[in-house]
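Enquirer: Here is the input, now give the coordinates:
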Amino acid sequence: MTKNRTRVVVTGLGAITALGKSVEETWQNLTSGRSGVRLGQSFDAADYPIKIASEVDGFQAEKYMNFKESRRMARFSQFAVAAAREALTRSGLIKDGELEENFVTSADASRVGVITGTAVGGFVEVRNSTKTLLERSYRRVSPLFIPRMMHNAAAANISHQFGLKGFNSTTTTACAAGAQALGLATEIIRSDRADVMVSGGTEAPICDIGLSGFWATRAMTTSHGDSPEKASRPFDLNRDGLVIGEGAAFLVL
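Expert: Reported below is the predicted structural model:
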């Protein structure tokens, strides 16, 4: 390890979580002791042994991007673009949704990159299109199925939305994906392949096959249906499993 490594700093934060649809709202609810875990809203809890989830309520993608373009994205990509927009805005790199001319120009946009981490990507898109195939016909599968479900779609959409033309990649290392994305983004800057990196993690796995699959691994808690706020307890002696969740968090490095 060299002694004089390039120092990499955080200049912007963005978040879409079950506790809030911004960093400020999430932090306020977190420090107030509120839990983002509640009875499942997007699925019928009566049909599954898993009754609870950490869901983003009331998310409206068109508040963060063009409505037509949002329809071309899976939910995990929508979360990523929304969180990246907040991070870029808080960093001062964009204003009113556009990149600031005094920083990013057509000449140096190639020095601003994106690395996104996601474990399952467009998991729900696979589920929905498989259902369409089996119940209707291959002819009814959407032509947007592939570009929606690809793991790298979130990073691609962030780059497209904000005109970022630099290094672009995706990590898919399960629960470590977001953390690894940040580590790799840091090294991209240190190796002088970029001046700025937008990096973070995004997930939206909540659906019937997701619930069934995670339940089958015996990794998910099936208790606490009457007290969801007590379910996520990783360091508790009586811990009995994970809680499925969704959301995104991004940094500008």
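Enquirer: So which residue is dead centre in this protein?
Expert: Residue closest to the average C-alpha location in the chain (CA atoms, centre = their mean): T202, at 1.4 Å.
Enquirer: Can you give me the distance of that one to N238?
Expert: Separation of T202 from N238 (CB to CB, to the nearest Å): 31 Å. No exception for glycine: its C-beta is placed from N, CA and C like everyone else's.
Enquirer: still on that earlier bit, roughly how far out does the host helix or strand of the residue nearest to the centre of the chain sit from the chain middle?
Expert: T202 belongs to strand 196-203 when assigned by DSSP states H and E. Offset of strand 196-203 from its chain centre (CA atoms, centre = their mean, to the nearest Å): 8 Å.
Enquirer: strands paired with that strand, and their directions?
Expert: Take DSSP bridges as the rule and strand 196-203 pairs in its sheet with strand 112-117 (parallel), strand 247-252 (antiparallel).
Enquirer: JSON lines for those strands, including distance to Q28 and mean pLDDT?
Expert: Shown next, in JSON lines, are the strands paired with strand 196-203 (distance: least, CB to CB, whole Å; pLDDT from 0 to 100):
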{"stretch": "strand 112-117", "distance to Q28": "25", "mean pLDDT": "97"}
{"stretch": "strand 247-252", "distance to Q28": "16", "mean pLDDT": "98"}
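Enquirer: right, so these: which one is the most enclosed?
Expert: Mean neighbour count (mean count of other CB atoms under 10 Å) peaks for strand 112-117 among those, with a mean of 29.
Enquirer: Could you measure from the residue lying closest to F145 once chain neighbours are set aside over to P228?
Expert: Counting by CB to CB, 6 or more residues apart in numbering, S129 is the residue found nearest to F145 once chain neighbours are left out, at 4.6 Å. For S129, the distance to P228 equals 31 Å [CB to CB].
Enquirer: Next: G200.
Expert: To P228, G200 is 26 Å away according to CB to CB.
Enquirer: Quickly find the element holding I146.
Expert: Counting by DSSP H and E, I146 is found in helix 145-149.
Enquirer: Is the nearest residue to A231 once chain neighbours are set aside in a helix, a strand, or coil?
Expert: Take A231 and drop its neighbours on the chain: the residue closest to it by CB to CB, 6+ apart is H224, 3.8 Å away. Three-state call for H224 (DSSP: H, G, I helix; E, B strand; the rest coil): coil.
Enquirer: ok, now S42?
Expert: Under three-state DSSP, S42 falls in the coil class.
Enquirer: count of neighbours near it?
Expert: Using other CB atoms under 10 Å, S42 has 13 neighbouring residues.
Enquirer: got a list of what it touches?
Expert: Residues near S42 by CB atoms under 8 Å, 6 or more residues apart in numbering: A53, E55, I206, C207.
Enquirer: Please apply the same query to A179.
Expert: Contacts for A179 (CB under 8 Å, 6+ apart) come out as G117, G201.
Enquirer: and it, what element?
Expert: Counting by DSSP H and E, the element that carries A179 is helix 177-190.
Enquirer: picking up where we left off before, who wins on neighbours among the contacts of S42?
Expert: Going by other CB under 10 Å, A53 tops those with 26 neighbours.
Enquirer: F67 versus that residue, what's the distance?
Expert: Taking CB to CB, one finds A53 at 26 Å from F67.
Enquirer: Could you do I16 as well?
Expert: 17 Å.
Enquirer: more neighbours, those two?
Expert: Counting neighbours by other CB under 10 Å for I16 and for F67 shows that I16 has the greater number, 30 against 10.
Enquirer: show me the contacts for the closest residue to L184 other than its chain neighbours.
Expert: What sits nearest to L184 in space, not counting adjacent residues and going by CB to CB, 6+ apart, is I115, at 5.3 Å. By CB under 8 Å, 6+ apart, I115 lies in contact with 155, 167-171, 181-182, 184-185, 188, 197-199.
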